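> structure for the following, please:
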Amino acid sequence: MPRHARLGAWTEVLYDNFYPLDLIDPTVEFSIGKLSILDIPGVRFGTIESDPMNVFRRRQHLSRSGGDYYYIPMPMKQSLALKQFGRKAVIAPGDFAVVATADTYQYEQGTPNLLATLRIDGPLMRERVPLIDDLVAQTCDGNAPLVHVFIDFVHSIMRQSNQLDLDSAAAMTPHLLDLLALALTAPVDAMKSSESSVRLAHLRRIMRTIEDRLDDETLGPGMLARELGLSERYIQKMFAERGETLSGVIRARRIATAQRRLIDPTRSGLSVASIAFSVGFSDPAHFSRAFRSITGASPSEFRRENARVIGGSLT
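Coordinates of the predicted model:
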């Protein structure tokens with residue numbers, strides 16, 4: 001293929017396998033672009049090897065279908081520069097960052113590079129990490145233990161892609177998202193962003209505490225205020241500014257955790273009541289009503305309908 005046509009062909013490959021975008025070759029010497037992918041439910045893993053390229057997600061791309069994802073680049077050889085929401089981040093080998101593909105962004109790869117990548121369905125990510133849009137375009141430092149564990153897990157799945165059957169691959173999704181949520185809610189000094197935000201730090205501490213205390217039926221503004229040294233009014237105000245309520249967020253996290261536990265094969269012997277208690281509901285009947293109001297099904301119905309997770313493909 002003529003050299004001048006290679007970048008266009010590579011753009012089409014990324015367009016077809018990820019979402020609409022534009023590429024610019026900063027060297028006018030583009031010749032190498034290689035991609036391998038692995039799909040599990042809700043998540044596409046990618047390994048990208050390419051010459052230098054600048055990637056643009058533009059306003060006109062947003063009107064096309066199939067663009068609500070969160071994209072996570074993890075460079076393995078050289079650094080990337082990322083810009084989104086007025087933030088700038090440099091992602092070094094061993095680090096990662098999150099890009100919201102439902103909005104415009106730009107990243108610059110000034111040298112040949114090898115990347116591990118994730119493309120996670122937008123609703124799935126927002127369900128698991130409710131504050132994800134506050135964490136976009138901020139570098140997560142690979143020296144932080146939880147970040148390091150998450151990246152190692154991604155690489156281990158990619159290494160085993162040829163041995164994973166569909167059911168095993170499907171079982172990886174909740175574990176991947178749990179590790180990602182932990183990495184993203186790691187201590188604030190694990191973030192190498194130039195943006196210093198007291199509000200973001202407090203939100204992350206609150207969400208981490210909620211995750212840690214979901215099984216406690218007394219979890220609420222009073223407990224969080226005592227645990228974190230914040231006022232109840234301040235906590236409630238932070239969620240109100242996001243168009244949410246603290247009680248609604250706690251309930252949604254409990255139901256989302258219950259959903260994962262109901263279809264977890266290792267918990268198949270647990271009763272619905274036991275799972276209700278494990279996520280902080282003291283009354284199984286209340287749990288069933290709350291579960292149905294969010295999912296449209298009772299816990300028992302949900303468990304039966306999802307007894308066998310089928311979906312995704314390995315390529």
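
> so, low pLDDT: which residues of the stretch 101-250 of the chain?
Residues of the stretch 101-250 of the chain that meet the criterion pLDDT under 70 lie in 186-197.

> helices of that one, start to end?
For the stretch 101-250 of the chain, applying DSSP state H, counting those that start in this stretch gives helices covering 122-128, 145-159, 166-184, 198-212, 221-228, 232-240, 246-262.

> any chance of those helices in a markdown table, with mean neighbour count and distance to residue 36 too?
For glycine as for every other residue, the C-beta is placed from the backbone atoms N, C-alpha and C. As requested, the helices of the stretch 101-250 of the chain are arranged in a markdown table below (neighbours: other CB atoms under 10 Å; distance: least, CB to CB, whole Å):
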| stretch | mean neighbour count | distance to residue 36 |
| --- | --- | --- |
| helix 122-128 | 18 | 22 |
| helix 145-159 | 17 | 8 |
| helix 166-184 | 19 | 15 |
| helix 198-212 | 17 | 33 |
| helix 221-228 | 15 | 43 |
| helix 232-240 | 15 | 41 |
| helix 246-262 | 19 | 28 |
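
> closest to residue 135 out of the ones you listed?
Closest to residue 135 of the helices of the stretch 101-250 of the chain is helix 166-184 (CB to CB; 5.4 Å).

> list the helices and strands that closest one packs on?
strand 33-40, helix 122-128, helix 145-159 (3 or more CB pairs under 8 Å, 6 or more residues apart in numbering; DSSP states H and E).

> what's the angle from that helix to helix 198-212?
Taking axes from the mean of the first three to the mean of the last three CA atoms, to 10 degrees, one finds helix 166-184 and helix 198-212 inclined to each other by 140 degrees.

> out of the helices and strands packed on helix 166-184, the one nearest residue 244 is which?
Nearest to residue 244 among the helices and strands packed on helix 166-184 is helix 122-128; the distance by CB to CB comes to 11.7 Å.

> neighbouring contacts of that closest one?
For helix 122-128, the surrounding residues in contact (CB atoms under 8 Å, 6 or more residues apart in numbering) are 42-43, 68-70, 100-102, 132-133, 173, 177-178, 180-181, 252, 256.

> chain center to that helix, what's the gap?
7 Å (CA atoms, centre = their mean, to the nearest Å).

> and what of stretch 273-288?
From the chain centre to the centre of stretch 273-288 is a distance of 27 Å (CA atoms, centre = their mean).

> check stretch 254-274 too.
Per CA atoms, centre = their mean, the displacement of stretch 254-274 from the mean C-alpha position of its chain is 21 Å.

> tell me which residues are up against that stretch.
Stretch 254-274 is touched from outside by 127-128, 171, 174, 214, 275-276, 278-281, 284, 287-288, 290-291, 294-295, 299-300, 302-303, 306-307, 309, with contacts defined as CB under 8 Å, 6+ apart.

> what is the helix or strand harbouring residue 304 packed up against?
Residue 304 belongs to helix 299-305 when assigned by DSSP states H and E. If you count contacts as 3+ CB pairs under 8 Å, 6+ apart, helix 299-305 packs onto helix 246-262, helix 272-278, helix 284-295.

> adding distance to residue 230, write those out as TSV.
Output for the helices and strands packed on helix 299-305, formatted as TSV (distance: least, CB to CB, whole Å):
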stretch	distance to residue 230
helix 246-262	12
helix 272-278	27
helix 284-295	26
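
> least confident of these, on average?
Ranked by mean pLDDT, the helices and strands packed on helix 299-305 bottom out at helix 246-262, with a mean of 89.

> tilt between it and helix 166-184?
150 degrees.

> any idea how far the residue positioned nearest the centre of the chain lies from residue 6?
The centroid of the chain falls nearest to residue 125 when counting by CA atoms, centre = their mean (4.5 Å). According to CB to CB, to the nearest Å, residue 125 stands 33 Å off from residue 6.
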